[in-house]
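Undergrad: Everything below, folded, please.
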Amino acid sequence: MSDVPTTPHPAPAARRARAAVSALFLTNGALFANLVPRYPEIKASLELSNTAYGLAVIAFPAGAIASGLAAGALVRRIGSARTAVFGTVLTALGVLAAGLAPSLGLFVLALLLGGAMDALTDVGQNAHGLRVQRRYGRSIFNAFHALWSMGAVVGGAMAAAAIALDVPLGIHLAVSGALFVTVALVALRFCLPGLDGETRAADVAASGVHDGGTVEGPVVEGGRPHDGASGPARAGSRTLWLLVALVVVAISGAVVEEATGSWAAVYLADALDAPGAVAATAFIAFMAAQFVGRVTGDRVVDRFGQRAVARAGGVLVALATGVMLAFPSLPGTVVGFAVAGFGVATVIPAAMHAADELPGLRAGTGLTVVTWLMRLGFLLTPPVVGVIADATQLRVGLLVLPLAGIAIVLAGAALQGRRAVRLPDV
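TA: Predicted coordinates:
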């Protein structure tokens, strides 16, 4: 026996499916990002006040929350890949309708539709990505999320170019929507066949990797944690508590991302008197560091396990943001947000993966619940920080960042440890 753990090379079908899921993630990131830079134009054309605009744009995450629980049922009925592509097509229509909406009411309805369909895509692409990861027998999930981040950059750049070239909003969104819908439809041809719940055992077997134990934590049977207890009541209670902990992990990751996206530039500009170009660097640094963390995250997770990596990331978030708020300065704040972005990079993917592997749940159920409730972090963080900031100051409101880091450390105990890999016979 060799002393070095190895994994077999994935089959060509798995490699094609990986490329297809990568395309789906990039498409999902790019679609909505084509709309966001044109929000000021929409706000002006509809003559919205700041309050009306602020309430209107949360329709997208609200729509996602409203439809999120339906995603699991759809995955079980038509499969994760078809669910992702179905949601992509309708998300593109929702984004186009939002851009063309002649009134506030229609704008909100279009965003609700887009957000609701985006939730289907989100669950579908993540579920299929986890199927492909099982075929690989090693972590590749963080790379999918890195491509989502890249897609958001691509979409934003497309929108910026369209604005610079004076391309009408309707034409811009129609062309971008058609482009990415075409990419999604082509990708569907190369996804894995079959329904998720019926193919789990085959996906694990196809990897050639033994998932029969972990270096730390509960024993794993068939890719799902098992504590050796018997009886449905015991299994159900343990699964419920694990699911609650994973929801806390995912929401905490969402809080870090949304607080940065909504308030980082405002904090630098208002509290630290940074000019506009400098104020934007905090969010850019966060996203760039998160991208790096996700690109490198799979190898680190394979080596140390989801639990250790996510909890270490929570420590980084808590320390970096705590220090930057305690000792405010422009460079320290930019560095603090960058470290937080790197620390939180693998947190949400880890929670999704662990939820999808929970015992006693139908295919897609754990992933759907975590993805659905995670959106509460995106929905509630901006107004919560704003209310606290109005009552005290923004620096106090941003204490949600180190608190979220601490929550990741505590609830991250529910994540999986390092998996054992089959040793080849020699």
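Undergrad: Contacts only, for Gly94.
TA: Gly94 makes contact with Ala110, Leu111, Leu112, Leu113, Gly114, Gly115, Ala116, Met117, Asp118, according to Cβ atoms under 8 Å, 6 or more residues apart in numbering. C-betas here are computed from N, CA, C, even on glycine.
Undergrad: Could you export these as CSV, including pLDDT and secondary structure?
TA: Conversion of the contacts of Gly94 to CSV gives the following (pLDDT from 0 to 100; DSSP: H, G, I helix; E, B strand; the rest coil):
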residue, pLDDT, secondary structure
Ala110, 96, helix
Leu111, 92, helix
Leu112, 94, helix
Leu113, 94, helix
Gly114, 94, helix
Gly115, 91, helix
Ala116, 93, helix
Met117, 94, helix
Asp118, 93, helix
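Undergrad: Need the single longest helix in the chain, by residues.
TA: Selection of the longest helix in the chain by residue count, based on DSSP state H, yields helix 232-270.
Undergrad: And that one, what's buried?
TA: 235, 238-239, 242-243, 245-260, 262-269 (16 or more other Cβ atoms under 10 Å).
Undergrad: Stretch 398-410 too?
TA: In stretch 398-410, residues buried by neighbour count (16+ other Cβ under 10 Å) are Leu398, Leu399, Val400, Leu401, Pro402, Leu403, Ala404, Gly405, Ala407, Ile408, Val409.
Undergrad: Please apply the same query to stretch 25-33.
TA: Judged by neighbour count (16+ other Cβ under 10 Å), stretch 25-33 contains these buried residues: Phe25, Leu26, Thr27, Asn28, Gly29, Ala30, Leu31, Phe32, Ala33.
Undergrad: re the thing from before, counting by contacts, list what the longest helix of the chain packs against.
TA: Applying 3 or more Cβ pairs under 8 Å, 6 or more residues apart in numbering; DSSP states H and E, one finds that helix 232-270 makes contact with helix 276-279, helix 281-304, helix 306-326, helix 330-344, helix 347-356, helix 365-391, helix 394-397, helix 400-411.
Undergrad: my read: Asp302 touches Ser139, true?
TA: Yes - the pair Asp302 / Ser139 is scored as a contact, 4.9 Å apart, by Cβ atoms under 8 Å.
Undergrad: which one of these two has more residues nearby?
TA: Neighbours per residue (other Cβ atoms under 10 Å) separate Asp302 from Ser139, with Ser139 holding more: 23 against 19.
Undergrad: what residues are up against the more buried one?
TA: Gln133, Gly297, Asp298, Arg299, Val301, Asp302.
Undergrad: which of the helices and strands packed on helix 232-270 sits most buried?
TA: Comparing the helices and strands packed on helix 232-270 by mean neighbour count (mean count of other Cβ atoms under 10 Å), helix 347-356 ranks first with a mean of 28.
Undergrad: can you list contacts of that helix?
TA: Where contact means Cβ under 8 Å, 6+ apart, the residues beyond helix 347-356 that reach it are 126-127, 130, 133, 141-142, 144-145, 242-243, 246-247, 249-250, 252-254, 256-257, 294, 297, 301, 306, 309-310, 313-314, 364, 366-367, 369-371, 374, 408, 412, 414-416.
Undergrad: Only alpha carbons, please: show it as PDB.
TA: What follows is helix 347-356, C-alpha atoms only, in PDB (Å, rounded to 0.1, in the frame of the first residue of the first chain):
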ATOM      1  CA  VAL A 347     -18.300  29.300   4.200                       C
ATOM      2  CA  ILE A 348     -21.500  29.300   2.200                       C
ATOM      3  CA  PRO A 349     -20.300  26.500  -0.200                       C
ATOM      4  CA  ALA A 350     -19.400  24.400   2.800                       C
ATOM      5  CA  ALA A 351     -22.800  24.900   4.400                       C
ATOM      6  CA  MET A 352     -24.500  24.000   1.200                       C
ATOM      7  CA  HIS A 353     -22.400  20.800   0.700                       C
ATOM      8  CA  ALA A 354     -22.900  19.700   4.300                       C
ATOM      9  CA  ALA A 355     -26.700  20.300   4.100                       C
ATOM     10  CA  ASP A 356     -26.900  18.200   0.900                       C
END
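Undergrad: Buried residues in the host helix or strand of Arg134, which are they?
TA: Following DSSP states H and E, one finds Arg134 within helix 104-136. For helix 104-136, burial by neighbour count (16+ other Cβ under 10 Å) applies to 107-136.
Undergrad: cool, and stretch 183-202?
TA: Within stretch 183-202, the residues that count as buried by 16+ other Cβ under 10 Å are Val183, Ala184, Ala187, Leu188, Phe190, Cys191, Leu192, Leu195, Asp196, Thr199, Arg200.
Undergrad: How about the fourth one: what's its closest non-neighbour residue?
TA: Sequence neighbours aside, Val85 is the residue nearest to Leu188 in space, at 4.8 Å (criterion: Cβ to Cβ, 6 or more residues apart in numbering).
Undergrad: Alright, that wraps it up for me.
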